[in-house]
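Novice: Need a 3D model of the following:
(2 chains)
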Amino acid sequence: MIQMAPKSGSTAPASPSFARVGTTNSLAGAWAVFVWDIKSFFLRPASYLLILAAALTASWSFSWLVTLLSRGPAVGLRPTDDPISQFLGPNVFLIGGCTFLVPLLTMNAIADERRRATWEQLLTAPVTPLNVVLGKFAALWCVLVTCLLPWLCCIIVLRVWNGRFTTLWGGVPWFDSPGLEFDFGPVYGACTALVMLGATFVALGMFFSGLCRGPAAAALLSLAAMSLIFLLGLAPRLLVYWNFSAEQVQLVESISCWGHVERFSRGVIEPRIVAAHLTVTWALLWATAYTCRRIDEG
Amino acid sequence: MSIVVRDLCKYYGALRAVEGVSFEIGSDRIVGGGIVGLIGPNGAGKSTILRILSTFLQPTSGRVIVAGCNAATNPLGVRQQIGYLPENPPGHAEARVQEYLEFRAQLKGISRRDRPKEIDRCLEACQLTAVRRRLIGRLSQGFRRRVGLADALLASPRVLMLDEPTIGLDPLQVRETRALLAGLADGCTILLSTHLLAEAEGLCQRVLVLMRGQLVSDAALAELHLGSRFEIELAGPRIECEQMLVELPLVTAVELRSTAGEWLTFAVTGGDEMTRELAAQQCLTNGWRLRELRAVARTLEEHFVRLAVRQPKEAA
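Specialist: Next up is the predicted model:
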């Protein structure tokens, strides 16, 4: 017996006539993705572990800074080394932290959406791939900045205590005697550099996430790229050690991201470097949107 | 027309997924719309076609127009007019049903003021109101599928594209979903892919059959059911009876099914009501006794199997 197609029943409630805005407005789509990704990040327990790890790294680094400052003028810093610049600038804890943090944050951006098969749903909504990428980028950037906030908190602690340090019981750092003249220039410069560099790193991580079908592969690629950037940061010192010419050292310094942070953390903000980072970030985001669509096409 | 597809081809590298597919689906039942089924074996290209129509994939060649918007030049326009349920249900395990639908509604451009009303409507339509505050990750496969369906219904799309909408649902939910889709078909065109032939038969007004990436049949179910087959049981000389049946207009094949004493049963393929009437007249004219003459409706399964068997032969 052939079952005929059911007659139009009335099981579906009537659709109300509501005002449809339509997400041709690019920012509306990007904003929706941004809010959703921020929410999704803070819904995962693993995210809090990540923030905790970042805070612990900052605290550990801060304890080193306090130890250095507590030793006063006797400490063996180079004349050009300002402790604040060293803390927020080319600090091995900060560089190492970012090298691991960025891949962990960005690996899920697109690759995990693909793995969970939610990418298809996202891209069949009335929003362009570039807007999706922009929304995700903004969310991850905010998260990265949140992870770096403990470093700024440490500086605020320094400011509150106005750099008065001593050591108790022969080694434990403590706040006591008046000492350091506090200069906010390096703080502003370093914060600008970190925020700018964070954007470039997140865009780079997202690009690799867009290339992969699984988060693990994306994390590995990002880690490799971040390690390369880390090594590039060390390169100028090595080149000086190996007696390369000043021009060659300058060339490498000019493309070294951590070199940029070092320059900014001396309190000098160079618009040329800011423009370069903005351009690279935008190019990476555009490339992410383009390549991930090519990957989807198989 | 709701959907116009012309010479659609899709290659994944050297692998041919879809080739030369053309069809049109009207905006309502009268003009070939309503609920249209896309059926075929695994790997026939059903999901690929739906992905192309939903603009997730771009065709290698060919033209796709959905709700008046060209998918190649105006993909956003297409996305604004469609509701799409992919093969996999929503994977946002850590989100609650309502939160997820709010995000999707925002993404689909529904204003903040209208969002609660619209979400309530879709939750009610998919019978999800009771689980609206539950985490998606804690829902059964069937419920997740319905969350995906509720998402597709948001913003009252003109065209609904559903990839295996009832897979993973229990029999009761399957029944409810079918009833829901049947109700929705009045307001929009539904294109659903399935490999459950009974589902396509029970739900669709028209079926497109895909085999190895090619469209091998596009027919209204009513046409298939009118069935071009009948069985006749008569008593007469076998050779003459068979000859008479073969010579009837529109008849393509005659097969002797059984003999019981002097009674012969033939299965006749082809022909219509007039053919059957002629067969009866010829029996009487020749003086043969006629005991039974009945039209046999062809099921979708028979149609499908016939196409599936024919395809490899043609390919060979």
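Novice: Skipping its backbone neighbours, what lies nearest A:A216 in space?
Specialist: Leaving aside its sequence neighbours, A:A216 sits nearest to A:M107 (CB to CB, 6 or more residues apart in numbering or on different chains; 7.4 Å). Where you see a C-beta, it was placed from the backbone N, CA and C, and this is true even at glycine.
Novice: Centroid-nearest residue for chain B?
Specialist: B:G37 (1.3 Å; CA atoms, centre = their mean).
Novice: So that one belongs to a strand, correct?
Specialist: Yes. Secondary structure of B:G37 (DSSP: H, G, I helix; E, B strand; the rest coil): part of a strand.
Novice: That one and B:G202 touch, don't they?
Specialist: No. Assessed by CB atoms under 8 Å, B:G37 is found out of contact with B:G202, at 10.0 Å.
Novice: Now do the strands in the chain.
Specialist: Assuming you mean chain A. A:166-168, A:172-174 (DSSP state E).
Novice: my bad, chain B
Specialist: B:3-12, B:15-25, B:35-39, B:61-66, B:69-70, B:82-85, B:159-163, B:189-194, B:206-211, B:214-220, B:229-235, B:251-260, B:263-270, B:289-295.
Novice: Within its sheet, name the partner strands of the shortest one and how each one runs.
Specialist: Put plainly, it is strand B:69-70. strand B:61-66 (antiparallel) (DSSP bridges).
Novice: CA-only coordinates of the partner strand in CSV, if you can.
Specialist: Coordinates of each C-alpha in strand B:61-66 appear next as CSV, following Å, rounded to 0.1, in the frame of the first residue of the first chain:
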residue,chain,number,x,y,z
SER,B,61,30.8,24.7,-13.1
GLY,B,62,27.1,25.3,-13.6
ARG,B,63,24.5,27.8,-12.4
VAL,B,64,22.6,27.8,-9.2
ILE,B,65,19.8,30.2,-8.4
VAL,B,66,18.0,29.9,-5.1
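Novice: Tell me which residue lies nearest the centroid of chain A.
Specialist: Most central in chain A (CA atoms, centre = their mean) works out to A:G198, at 3.5 Å.
Novice: I'd assumed A:C147 was in contact with that one.
Specialist: No. Counting by CB under 8 Å, A:G198 does not reach A:C147; the two are 9.0 Å apart.
Novice: Could you list the low-pLDDT ranges of the stretch 201-316 of chain B?
Specialist: B:225-228, B:310-316 (pLDDT under 70).
Novice: what residues are up against A:T200?
Specialist: Going by CB atoms under 8 Å, 6 or more residues apart in numbering or on different chains, A:T200 touches A:C257, A:H277, A:V280, A:T281, A:L284.
Novice: In PyMOL, select just the buried ones from the residues you listed.
Specialist: In PyMOL, this line selects whichever of the contacts of A:T200 come out buried by 16 or more other CB atoms under 10 Å in any protein chain shown:
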select buried, chain A and resi 257+277+281+284
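Novice: in stretch B:295-314, what's buried?
Specialist: Per 16+ other CB under 10 Å, stretch B:295-314 contains these buried residues: B:A295, B:R298, B:T299, B:L300, B:H303, B:F304, B:L307, B:Q311.
Novice: same check, this time on stretch A:47-54
Specialist: Across stretch A:47-54, burial judged by 16+ other CB under 10 Å covers A:S47, A:L50, A:I51, A:A54.
Novice: The nearest residue to the last one once chain neighbours are set aside and A:F41: what is the separation?
Specialist: When you say that, I think you mean A:A54. Closest residue to A:A54 apart from its sequence neighbours, by CB to CB, 6+ apart: A:C147 at 3.9 Å. Separation of A:C147 from A:F41 (CB to CB, to the nearest Å): 11 Å.
Novice: ok, the residue nearest to A:A216 to chain B distance?
Specialist: 16 Å (CB to the nearest CB, to the nearest Å).
Novice: dump the residue contacts of B:V251.
Specialist: B:V251 touches B:L245, B:V268, B:T269, B:G270, B:G271, B:T275, counting by CB under 8 Å, 6+ apart.
Novice: Quick check: nearest residue in space to it, chain neighbours excluded?
Specialist: Looking at B:V251 with CB to CB, 6+ apart, the closest residue is B:G270, at 4.4 Å.
Novice: Test my guess that the one you found contacts B:E247.
Specialist: No. Contact criterion CB under 8 Å: B:G270 and B:E247 do not qualify, at 11.9 Å.
Novice: Same drill for the two, tell me which one is more crowded.
Specialist: B:G270 (15 against 11; other CB atoms under 10 Å in any protein chain shown).
Novice: list the contacts for the more buried one?
Specialist: Contacts of B:G270 (CB under 8 Å, 6+ apart): B:S228, B:R229, B:L250, B:V251, B:T252, B:A253.
Novice: Now do residue 147, the pLDDT please.
Specialist: I went with chain A, as the question did not name one. The per-residue pLDDT reported for A:C147 equals 90.
Novice: The intended chain is chain B.
Specialist: pLDDT, B:V147: 93.
Novice: Return the distance of it relative to A:V33.
Specialist: Counting by CB to CB, the gap from B:V147 to A:V33 is 19 Å.
Novice: try B:D163
Specialist: 23 Å.
Novice: hmm, back to that, who has more neighbours out of B:V147 and A:V33?
Specialist: More neighbours surround B:V147 than the other of B:V147 and A:V33, with 28 against 25 (other CB under 10 Å).
Novice: Which residues are in contact with the more buried one?
Specialist: B:V147 neighbours (CB under 8 Å, 6+ apart): B:P89, B:P90, B:V97, B:Y100, B:L101, B:C126, B:L128, B:I136, B:L139.
Novice: which one of those residues is nearest chain A?
Specialist: Set against chain A, the nearest of these by CB to the nearest CB is B:P90 (6.6 Å).
Novice: Pretty sure A:E120 is one of the things that closest one touches, is it not?
Specialist: No. Using CB under 8 Å, B:P90 is not in contact with A:E120, being 10.6 Å away.
Novice: And those two? Which one has more around it.
Specialist: B:P90 (25 against 19).
Novice: need the contact list for that one.
Specialist: A:T118, A:Q121, B:Y100, B:I136, B:R144, B:V147, B:G148, B:D151 are the contacts of B:P90 under CB under 8 Å, 6+ apart.
Novice: and the residues you listed, which are buried?
Specialist: A:T118, A:Q121, B:Y100, B:I136, B:R144, B:V147, B:G148, B:D151.
Novice: show me what contacts the residue lying closest to the fifth one once chain neighbours are set aside?
Specialist: Counting by CB to CB, 6+ apart, B:P89 is the residue found nearest to B:R144 once chain neighbours are left out, at 3.7 Å. By CB under 8 Å, 6+ apart, the residues touching B:P89 are B:Q141, B:R144, B:R145, B:V147, B:G148, B:G168.
Novice: before we move on, what about A:E120?
Specialist: Per CB under 8 Å, 6+ apart, neighbours of A:E120: B:R51, B:F56, B:P86, B:N88.
Novice: Run a quick neighbour tally on the first one.
Specialist: Around B:R51 there are 25 other residues, counting by other CB under 10 Å.
Novice: Was I right to think it contacts B:Q58?
Specialist: No. If you go by CB under 8 Å, B:R51 and B:Q58 don't touch, sitting 9.6 Å apart.
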